[in-house]
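In: Sequence and predicted structure, then a few things I'm wondering about:
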Amino acid sequence: MSAPTSTLVAEAETQQTQPEKRRGGQWRYVGSKLLGSFGALMFVLVFNFFLFRVIPADPARTLARNRLVSQEQVDELTRTLGLDQPLHQQFLTYLQNTFSGELGLSFKYRVPVSDLIIDRFWPTLLLVGTSTILASLIGIYLGMVSAWNRGKVVDHMSTGSSLTLYSMPEWWLGLVLIAVFAVGAGPIPKLFPVSGLHSTDVDPNSFVGGLDTAWHLTLPVITLTLAYLAEYSLIMRSSLLDEMGEDYLTTARAKGLRDVYVRRRHATRNALLPTFTLAVLNLGFIVQGAITIETVFSIPGLGLLTTEALEVPDYPVLQGTFLFFSVAVILANLVANLLYGWLDPRVRS
Amino acid sequence: MSDTTLTPRRLTWQRRRQSAGRTWKQFRRHRTGVIGLGVLVFFGLVALFAPVLADHSGIEVTEATGGVLEGPSWEFPLGTDQNGRSVLTLLIWGSRVSLLVGLLATAISMVLGTLIGLASGHYRNFFGAALFRITEWFLVVPFLPLAIVLATLLGRSLLNIAFVIGVTSWPATALLIRAQTLSIEGRPYLERARALGAGDWRQMSRHVLPNVMPMVFANTTLTVAIAILSETTLSFLGLGDPLRVSWGSMLDGAFSTGAITTGAWWYFLPPGICVILVVMSFTLIGQALEEVYNPRLRDRV
């Protein structure tokens, strides 16, 4: 599931206890973040390489598992994978291939994995992007409302439902929504399609096709939004509560500013910083939400590609999507760090 | 407690008992935490007494007596599944696997996270820095894709799935423990220990570890919640032990046999609700413990 909020707290504390990079300005900050991301990227590459080649005792045989293969075919596979080469040579070849976009052939579809990933990328982006934007906006608003009404009924209701949503497997929520709104339960009629991204009789590139896609995506987007709303609202609430004890708010109030103004102009702006970082960091966790939600709603994105590859098992596809998801998260982290440094001068100087 | 028998060991234990009592007293003040504990005890008892509550033959497909996806009745209070087994029986036996995998995975994750966090906070040299980097990198690798890949490569069994969840969820704990270790190591009594010639192992095990233990404890309950959710998700994707029933594999069965589209709510609602209840109670207990151990949080909620 999603990262516990304590992780963020721990990270913040770690940053506080590391005062070494104080001087050197923003270029040094950017440089160190770039270097860190590069390190993480190399780590993922090495990890991906070893995971699929070294852990199975005989990769060629593992790759051919569950399928009828002759010894010649295994030998052939060994040669194409370069498994008869020394390990460092294999690793160099792997690096070269990965950087030139060659991720191998899918067992199931018999096409290059990179083509599959490019094909399946847009539905995922549409689903994840829309849900992230909606979840962060609504979540931040709910967090603000409950922080301002701390201890009142609104707060208890908001925190309670956030906690319930947080404890729920997001795909189960999707199943329930399908049962209620796509199949129809009791007085509720069948409102949305059960699965898929397009109707078969509509051209997806026309205007009607766009509306049709939106209609198909409504339930999945609602599911992901609800699933990730909770985290934003809980973080926004706690960071606003942290800010509300600060002295500068007392000063603002002492100057005679109205409460509404103090909250909106002073407290909210500062409280948005940690929430914003979470929003970008969360992209990585939403990616895994996309895996299950796409499976439940049969949306032909990267997530469905991954779970379909499980059945074969289609190792090149699994390796490719794993690499893709990891790189996406590393990039999201880098962007979050750079933006955070730009928004909050205290971080970089 | 007569003064003549008050050896240092006894004194330590007496103080530990007192401190545990204080913790319990403070914990009891958190209504939500106590409710969570109650729910958890209930599920723990169900899992423990599963053989008494429902006969094991009820989960054998060959011995099923009901019809296909039958609605709730006196004989089957929660209906039947696609094989005619009682959903209630599956639910009771499923609690065992879900809780067991959750606890096993958490144990692995806690041991790894605590050891790596302690070491990376304690050693101020290349070794510590390297451990910290590795932790950070592991935190970046998205959990579910990694777990899927590992589970596919290792094969499907109860121990493997616990192992997969354990080795993919330790970095958060390690970071938390590291931060805590760094703040404890700055205190004078550790300087004193070093001056008296305490080695790395003694410093870590006798001075730092006892002080981070409360944090580890609070974090454990939160990790169990995440581990159980992960187990459910992985089993739903068909990566769980094929020979055992868990709440996740029940939901997988419900999804793949079309219980969702045929409106067989008795099959897919109960496992989900059980997962929510267990995960929520672990989270509530964890939050209450965090507040007990971290006074700074107390006035926040």
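Out: Now that the structure is in, tell me what you want to look at.

In: Most proximal residue of chain B with respect to chain A?
Out: The nearest approach of chain B to chain A comes at B:Leu144, 3.4 Å away (Cβ to the nearest Cβ). (C-beta placed from N, C-alpha, C; glycine too.)

In: so how many other residues sit close to that residue?
Out: Other residues near B:Leu144 come to 24 when the count uses other Cβ atoms under 10 Å in any protein chain shown.

In: quick check, it in a helix?
Out: Yes: counting by DSSP: H, G, I helix; E, B strand; the rest coil, B:Leu144 is part of a helix.

In: For the closest residue to it other than its chain neighbours, list the residues it contacts.
Out: What sits nearest to B:Leu144 in space, not counting adjacent residues and going by Cβ to Cβ, 6 or more residues apart in numbering or on different chains, is A:Gln288, at 3.4 Å. Residues near A:Gln288 by Cβ atoms under 8 Å, 6 or more residues apart in numbering or on different chains: A:Phe325, B:Pro142, B:Phe143, B:Leu144, B:Pro145.

In: tell me which element A:Thr251 is part of?
Out: A:Thr251 is located in helix A:247-254, with elements delineated by DSSP states H and E.

In: how distant is the very next helix or strand once past that helix from the center of its chain?
Out: The C-terminal neighbour of helix A:247-254 among helices and strands, as given by DSSP H and E, is helix A:259-261. Offset of helix A:259-261 from its chain centre (Cα atoms, centre = their mean, to the nearest Å): 35 Å.

In: next SSE after helix A:259-261?
Out: Sequence-wise, the next helix or strand downstream of helix A:259-261 (DSSP H and E) is helix A:268-281.

In: And what about B:Leu243, helix, strand or coil?
Out: Here B:Leu243 is coil, with the state taken from three-state DSSP.

In: State the distance from it to B:Ser249.
Out: Counting by Cβ to Cβ, to the nearest Å, the separation of B:Leu243 from B:Ser249 is 10 Å.

In: Who has more neighbours out of those two?
Out: B:Ser249 (26 against 9).

In: Skipping its backbone neighbours, what lies nearest that one in space?
Out: B:Ser249's closest residue in space is B:Ser235 (Cβ to Cβ, 6+ apart), at 4.5 Å.

In: re earlier: can you list the contacts of A:Gln288 in CSV and add distance to A:Val312 and pLDDT?
Out: As requested, these are arranged in CSV below (distance: Cβ to Cβ, whole Å; pLDDT from 0 to 100):
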residue, distance to A:Val312, pLDDT
A:Phe325, 19, 87
B:Pro142, 21, 80
B:Phe143, 23, 82
B:Leu144, 19, 84
B:Pro145, 16, 84
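
In: Stretch A:98-112 close to chain B?
Out: No: Stretch A:98-112 lies apart from chain B when judged by Cβ under 8 Å from any Cβ of the partner chain; the minimum separation is 12.7 Å.

In: what comes up buried for that stretch?
Out: For stretch A:98-112, burial by neighbour count (16 or more other Cβ atoms under 10 Å in any protein chain shown) applies to A:Thr98, A:Leu103, A:Gly104, A:Leu105, A:Ser106, A:Phe107, A:Lys108, A:Tyr109, A:Pro112.

In: Show me the contact partners of that stretch.
Out: Outside stretch A:98-112, the residues that touch it by Cβ under 8 Å, 6+ apart are A:45, A:63, A:97, A:113-114, A:116-117, A:308-309, A:312, A:314-317, A:319-320, A:323.
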